[in-house]
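Novice: My questions concern the predicted model and sequence given below.
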Amino acid sequence: MVKDTGIQWADSTFNPWQGCSKVSPACANCYAMDHVNRYGGDFLGKRVMTSDGYWKEPLKWNKEAEKSGQMRRVFCASLSDVFEDYQGPIVNHKGQRLAVWPDGSRITIDQGDILPHIPGGPRSHWMTMSDARLRLFNLIDSTPNLVWMLLTKRPENILKMWPTWPKGFPSDGSGGHGSGSRYLKNVWIGTTVENQEQADKRIPELLKCRYLAPVLFLSCEPLLGPVEFSDVSKRSDCVSQLGQPALNGIGWLICGGESGKNARPMNPQWALSMRDQCKAAGVPFHFKQWGEFDAEGNRVGKKQAGRLLDGKEWNELPTEWHLQQMVDDAQRLDMGY
């Protein structure tokens, strides 16, 4: 748990569970894999639920934010993907498998594969990722003074895994418009876009979620190649049906290079082009870092490479005006998905 994170665009980070699987080039040197290399763990195997004490921290942040009158931004999740379609076991930090009763309360199974039950009463079941997500969304619902920034590399799963009204998840996996999906005003939904291939694939899927939350954002970090958002519009049936360029409907963009011993350099022109496209579309632009390589391509380390792009820092965030525009657009848009 990190209350005060070093990430410029977030106040805190929260990982409801740990573990993920690789789906694209950005995963090769991701922070989560580096964390496992340093501290150990079964990152690509079982999913490890974080402790109950850890889960209570956001409730404290919510009270602090309410008292201060200032919303607090929470990045979720750096060590997992909330919208991963994971079907395996969920365990605690000791490796003990978790089960749940029908009311959602959890049980730790010390040994074997026998589920406890009350004769003539309710039966428990092994905890699934749907159970874990429901627990997370209930926490989000209980912390209205926190802005939860959910970042995924699997935007195609968001609609079918999004909570329905009043609480819970669609049993048929349908999700989507007209199925009772909830609009969560304290959630921002983002997807990772590291190159043109992933932009073409993921942005149209993210745009389908415009009525679920006030802000959709792109994390172009690590940026591994040039991205032309006009090309996304040309290639995507979804975007063309909307009749808008791919950046319309996007409320914020983060750009940055890769860090770590296996980092790949970022061409300055890729970042400059991204900034210019954001300026033209009126999208707030945040340049996080050069990463391991500086603007000249020299390997100098993240700290020395710094954060200046074209001679200045770019720390833009969605303003109240941008937020209202996103809300108005979502209310006007009947996507029919």
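Specialist: Nice, thanks for sending it over.

Novice: Not counting residues beside it along the chain, what's closest to residue 265?
Specialist: Using Cβ to Cβ, 6 or more residues apart in numbering and skipping residues adjacent in sequence, the residue nearest residue 265 is residue 293, 4.0 Å away. Heads up, the C-betas are built off the backbone N, CA and C, glycines and all.

Novice: Check residue 55 too.
Specialist: Residue nearest to residue 55 in three dimensions, not counting chain neighbours: residue 139, with 6.7 Å by Cβ to Cβ, 6+ apart.

Novice: from the middle of its chain, how far away would the helix or strand encompassing the one you found be?
Specialist: In this assignment (DSSP states H and E), residue 139 forms part of helix 129-141. Centroid separation for helix 129-141 versus its chain: 14 Å, with Cα atoms, centre = their mean, to the nearest Å.

Novice: Quick check: mean pLDDT of the helix or strand following that helix?
Specialist: Scanning forward in sequence from helix 129-141 by DSSP H and E, the next helix or strand is strand 146-152. Average pLDDT, strand 146-152: 97.

Novice: how close does the residue nearest to residue 137 when sequence neighbours are not counted sit to residue 139?
Specialist: Ranked by Cβ to Cβ, 6+ apart and with sequence neighbours excluded, the top spatial neighbour of residue 137 is residue 163, at 4.5 Å. Residue 163 sits 11 Å away from residue 139, taking Cβ to Cβ, to the nearest Å as the criterion.

Novice: what about the two, which has more around it?
Specialist: Between residue 163 and residue 139, counted using other Cβ atoms under 10 Å, residue 163 has the larger neighbour count: 22 against 19.

Novice: Tell me the pLDDT of the more buried one.
Specialist: pLDDT, read off for residue 163, is 87.

Novice: Test my guess that it contacts residue 134.
Specialist: Yes - if you go by Cβ atoms under 8 Å, residue 163 and residue 134 touch, sitting 7.1 Å apart.

Novice: Could you pull up phi and psi at the closest residue to residue 222 other than its chain neighbours?
Specialist: Leaving aside its sequence neighbours, residue 222 sits nearest to residue 258 (Cβ to Cβ, 6+ apart; 3.4 Å). Dihedral pair for residue 258: phi -90, psi 140, per degrees, to the nearest 10.

Novice: And for residue 159?
Specialist: Per-residue torsions, residue 159: phi -60, psi -40 (degrees, to the nearest 10).

Novice: neighbours of it, just the number please.
Specialist: Residues contacting residue 159 under the criterion other Cβ under 10 Å number 21.

Novice: And the residue nearest the centre of this protein?
Specialist: Compute the mean C-alpha point of the chain, and by Cα atoms, centre = their mean the closest residue is residue 151, 1.2 Å away.

Novice: Show me which helix or strand of this protein is least confident by mean pLDDT.
Specialist: Here the helix or strand of the chain ranked lowest by mean pLDDT, DSSP states H and E is helix 237-242, holding a mean of 53.

Novice: Tell me the helix or strand right after it.
Specialist: Past helix 237-242, the next helix or strand by DSSP H and E is strand 252-256.

Novice: residues of that next one that come out buried?
Specialist: Neighbour-count burial for strand 252-256 flags 252-256 (criterion: 16 or more other Cβ atoms under 10 Å).

Novice: how about those residues in TSV, adding pLDDT?
Specialist: Output for the buried residues of strand 252-256, formatted as TSV (pLDDT from 0 to 100):
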residue	pLDDT
252	95
253	97
254	97
255	98
256	97
